[in-house]
Each structure stands twice: as structure tokens, then as C-alpha cells.
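Sequence and computational prediction follow.
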Amino acid sequence: MKNIPHPIIILSIVIVLAAAATWLVPAGVYDKLMYDGGDTFRLVQQEKQISLPFTESTLDSLRIPAELKSFKQGEAGKTLSVPGTFHRLPQQGQGVLAVLQAPLKGFYETVQIALFLLLIGGFINVFYATGAMEKGLASLADKMKGHEGCLIIVLTFLFAFGGASFGMAEEGLAFYPILVPLFLAARYDLLVPVAVIFGGTQLGMATAFSSPFSTIIASGAVGVDWTDGMYPRIALLLLAAAFYIVYVGRYASKVRKNPAASLVLRYEGEVTSMYQSISGEKSSLSGRHTLLLALFLGTFLLMVVGVVFFRWWLVDMSAVFLVATILVGLIAKMNGKEFLERFIKGAEGMVVVTFIIAAARGVGVLLESGSISDSLVHYPAQVIGYMPPALFVLLLMLFFMVLTFFIPSTSGIAVVTMPIIGSMAGMAGVPGKEVVNAYLFGMGMAGYIIPTGLVLPSLSMVGIGLRTWWQFIKPVLLFLFVLCSLFLVAGVYLS
């Protein structure tokens, strides 16, 4: 990468800035209402806890807009901020030791993601060693000749649908080893797989109509049914996806016709993919190769089915890849030494990505340790609350765009902000569903570029820098900002 710091260096700078913020931003916290099941709530006030009846009157007395059924169904989250209870705390500025410990604590909190990625790396490398991947991709590339654009259309929509429906995010990292060689064989550059996988899932997150990690939790916390506004969000997804697919397709076609038009070449120079390329030699698939390819595709299909229908998460998905790796070794008749060498070598390729994710989480660790996460919600909310409805909802979208930089967790933002913003929105005449939309749009657009999200791990998977991605995604963000703004204003006045 030319003149662009390594992602870990970028995040190290962000960690230092976050530590500085803990000295400058007034520390404070909201009281928290917790529900762990049973017939009582727990109200946490500083260092004491109070048991309260699990009733609608309790929620009404605390001015929490969520409904009781949302807690029973797990739609409102287990912990919500209580409106009107913000109070200052002694300043808890984080020093040098806290800065050094932040990425280490971040690693502890993201260890499940790290394990998931290490197992994927090992699985892919063991599978590469069988030769089935190269032969299968070569066969697919040969059959797709002249129709590569269709692959971009279908895959981008599927990733967007995954992000919008079940909250697909980290799972997308598993698909780079498959799609990078395929797109390179089609003479596209390394931006295309990032645009399809990361760009697609992020577009889905911005227009999520049923994601349990964002839409459902946010709707429950703000006191509206998550299906309220679902069909308009689906329409927005289709409109935004149509624009994005055309944009990605035109760029990919331009690069294929003229490699000099590649933004990767312009800003990065020659970049070599870490994934195995496809040779031009044609060879038939053996029965063993066919079986291995079926196992490979079945592994990813099982992962998606498990997430969608059985609420699997990272440990469950990791177990799937572990079992699949062992089966690949057995079918390929690898000896123990070769199997472990291949597996460890593949896991090594994912170490940098896991460190990037840990460093990004370290930013949030610092803000929480400095007790300014709630402050970052409270003070801007006081300003927004006095605005007219249309301006309120537009500023709210901008507020979520900025807040996502500090709290990149979709569910984390929802449970902290929604009870506070929801109560203010009612007084401002803004429907609850538009508060949820402002949250989705702001968070989704910011996710395309914030270093604390998944953009740096995604770019690291293919070896390109943030500057290149920024040059590519600028027109998309401008289009989405205008489209989402019009959608929000229309929603306020047409509701």
C-alpha cells in the first residue's frame, strides 16, 4: 500500500484518540434496566440494584417505551438505558497503561470471532491442498465465460439480502477465499470481491428489514413492532441494491476491458492476492474432487441455515468448520503431519485480521472504561430534541453515523440509545419506526468507512488500503445519503 498506514497502525491512532476523549468528554452514565428472565426487573443505579415488578406499569413509570412482550421475546435486549436518569461521574481519564491494555482486552472480547476466522483459514488451506478448489473454480470460471456480470448481480444481491434479513456481517469474511480467485480469473481487480461481499452485506445492514441484531432489538427498545415499516424498508433495499449492483457491475466491466482503469492499480500498484489463483489448464473433476466440492459448499450452506433457522452463532459456526476440516483431511487421505501443517499455515494467514478486529474492539473498551459511552449519547441528544420533526430525524441519522464510529456494535447502539431517543421522538412528533430507520441508515452508511467496523478486516483479506476503498465507495455513500434522507422526511410527514 502506498503511503497508507497499516490498519493496525490506524486503529492504534484511534485508540489513542479515544483515550484522549476520556479526559475531555464529561463522564456519566444512565441507570440501566435489566431483565434476566423470571418475574422481576433489576434497576441498576450506580452501585446498587433494585428489584422491580415485571409489569407494564414499571416500564411506564420509568418512561421506557418498550413493551413488556418485547422483553419476554428477547426483542428489546437484556439491558436498556432509563430515560431522564443520566448523571455525571468523576472523570475517569484513561492513561498509557489503559491504552496498552485496550487491544488486549479487545482480543478477550472478540475471541469467538478470532477462533472462527482461524478455523476458516485452516479449513481453506487444507482444502486448497486437495486441488479440488482450483479445479472446481476453473470449471466454474470456464462455464461463466461471458456471464461474469450475472455472478456479480446474483452474489451482491444475496449478500445484501443476508445482511438485511438475518444480520450477516462477520460471516461474510468466510467467502473471500472462494470468490477472490474466481473474480481474478474473470479479470476483475481485488476491489470487486470486497464490493460484492462487504459492500453487499453492509448495504443489507443499512436497509435491514428483519435483522435480529439491529431492526428487531431497536424496534423493541423504542416500543414499536419490528414489522412496522418492514415493507418500505424492503422497497428501499431493492432500490438501493439496484443502484449498487449497476455501479459495481460498471466498474468491474471497465476494469476487465481496461486494467489500467483499476483503482487498485492506481492507488496500490501491483497487489498479489493471498489466495490461490486459478490456472488456465482445463482438467476434469474426479469423483473425489466432486465429493470434496460438495462438502465445501455444504459447509457454507449449513452455516447459513444454522444462523437463519437455529440462531447459531460463532461457536456453532466454528464447530462446523472444524468438523468439515477433519472430513476434508480424511477424504483426501492426508497424514497427520501434513494435515496439521496445512491447517496451521492457513490459520496463520488470518492472524492479522484477528488482531485488527481486536484493536477495533479496544476502542469501545476504552470508552466504557472511561464512562463516556453514555455521555456520547446524552449530550448530542439534548440538542437534537429541540428540532422540528424533519430536522430531528435527519440530525438523528447523522448522530448515528458519528456514534457508530465509537460504538460499532449494532445491538450495543440500540440498547443504549433507543429508550432515550424514543422518548424524545414522541415529544417531537416523530414516529418510532422512523427512529429505527434513522438508526439503521446512519449506522449502515457509517459502517462502509469507519475503521472500528469490518471495513479494515475486509480490506486486509485482499490486501488493499482504505484510500482505495474510499475512492470507490464515495459515489455510493452520496447516493445512499440522499435516498435515505428523502425516505426519512417522507416517513415523518406521510405517517
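Arrived safely.

Can you give me the pLDDT of the closest residue to residue 311 other than its chain neighbours?
In this structure, residue 311 finds its nearest non-sequential neighbour in residue 212, 7.9 Å apart by CB to CB, 6 or more residues apart in numbering. Glycine gets a C-beta too; all of them are placed from N, C-alpha and C. The per-residue pLDDT reported for residue 212 equals 75.

I'd like to know how far residue 212 sits from residue 436.
Separation of residue 212 from residue 436 (CB to CB, to the nearest Å): 14 Å.

Mind checking which of those two has more residues around it?
For residue 212 versus residue 436, the count of surrounding residues by other CB atoms under 10 Å is larger for residue 436: 30 against 18.

what residue ranges in this protein score low on pLDDT?
The chain contains residues with pLDDT under 70 at 1-4, 73-78, 141, 146, 276-284.

Tell me which stretches of it form strands.
With DSSP state E applied, the chain shows strands at 28-29, 32-34, 40-45, 48-53, 79-81, 87-88, listed in chain order.

Show the contacting residues for residue 392.
384-385, 425, 428, 430 (CB atoms under 8 Å, 6 or more residues apart in numbering).

out of the residues you listed, who's nearest residue 48?
Nearest to residue 48 out of these is residue 385 (CB to CB; 28.8 Å).

if I look at the closest one, how far off is residue 218?
18 Å.

Of these two, give the one with the bigger neighbour count.
For residue 385 versus residue 218, neighbours defined as other CB under 10 Å are more numerous around residue 218 (34 against 17).

For the more buried one, which residues are in contact?
Counting by CB under 8 Å, 6+ apart, residue 218 makes contact with 414, 418, 435-436, 439-440.

who's in contact with residue 51?
For residue 51, the contact set (CB under 8 Å, 6+ apart) comprises 40-43.

same check, this time on residue 157
By CB under 8 Å, 6+ apart, the contact set of residue 157 is 200, 241, 245.

ok, now how distant is residue 105 from residue 112?
In terms of CB to CB, residue 105 sits 15 Å off from residue 112.

typo on my end, it should be residue 466
The gap separating residue 466 from residue 112 is 26 Å, by CB to CB.

contacting residues around the residue nearest to residue 426 when sequence neighbours are not counted?
Nearest residue to residue 426, sequence neighbours excluded (CB to CB, 6+ apart): residue 65, at 7.2 Å. Listed by CB under 8 Å, 6+ apart, the contact set of residue 65 reads 59, 221-223, 418-419, 422-423, 426, 432.

Same list (those) but as TSV, adding distance to residue 154.
Compiled in TSV, the contacts of residue 65 are given as follows (distance: CB to CB, whole Å):
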residue	distance to residue 154
59	45
221	35
222	35
223	38
418	35
419	40
422	38
423	43
426	42
432	35
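
any idea which residue sits dead centre in this protein?
When CA atoms, centre = their mean is applied to the chain, the residue found nearest the centroid is residue 169 (4.1 Å).

Identify the residues contacting that one.
With contact set as CB under 8 Å, 6+ apart, residue 169 has these partners: 163, 201, 205, 213, 454.

can you rerun that using 10 Å?
When contacts are counted by CB atoms under 10 Å, 6 or more residues apart in numbering, residue 169 touches 162-163, 198, 201-202, 204-205, 211, 213-214, 410, 447, 453-454.
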